[in-house]
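**Q** Kindly return the folded structure for what I paste below:
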Amino acid sequence: MTVLRPDVTLDFLRNRQKGRLPDLLGVQLLSLEQGALSGELTIRPELLAPNGFLHAATVIGLADTCCGYACIAHLPDKAQNFTTLELKSNHVSTAREGKIVAQAKAVHLGRSTQVWDATVSNGDGKLIAMFRCTQMILY
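**A** Residues are numbered from 1 along each chain as shown. Predicted structure coming up:
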């Protein structure tokens, strides 16, 4: 079983995102534990679509970041990194203001692939999207 790596902390992940897309989006990490990671972002006008609602890419960016960071934190021994093989999202609601929160959970922690699910909700807990990605582990 792949376990949480003690050398990958929330601070390690926060430093890793400086100057990258998660930083630009405003992703804030909340928690990291065995098989799970959560993060949030504050909705601001730059993250909305031209129709005034939350852009789907913003939701995917948060969910994918949380799943990716969780994957890094759960890389098997001797693994160096990962890359995304596939991702899918289903959007069932939206938002215009406040915060959105993503909860990433491990579905499969293998030596060659990992599968992560994330739910994205608004600050009141209303479901916005369901997300799944498959990661290829790189050695």
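
**Q** CA atoms for contacts and neighbours, from now on please.
**A** Fine.

**Q** Model confidence score at Lys78, please.
**A** The model reports Lys78 with a pLDDT of 96.

**Q** just for the chain, where's the confidence low?
**A** Within the chain, the ranges that satisfy pLDDT under 70 run 1.

**Q** and the residue lying farthest from the centre of it, which of the three is it?
**A** Distance from the centre of the chain peaks at Asn51, with 24.6 Å (Cα atoms, centre = their mean). Per DSSP: H, G, I helix; E, B strand; the rest coil, the local secondary structure of Asn51 is coil.

**Q** What does it show for phi and psi?
**A** When read as degrees, to the nearest 10, the backbone of Asn51 gives phi -80, psi 0.

**Q** can you tell me how far Gly98 sits from Phe53?
**A** With distances taken as Cα to Cα, to the nearest Å, Gly98 is found 12 Å from Phe53.

**Q** Between those two, point out the one with more neighbours.
**A** Taking other Cα atoms under 10 Å, Gly98 and Phe53 do not tie; Phe53 has more neighbours (16 against 12).

**Q** how near is the more buried one to Gly125?
**A** Using Cα to Cα, Phe53 is found at 18 Å from Gly125.
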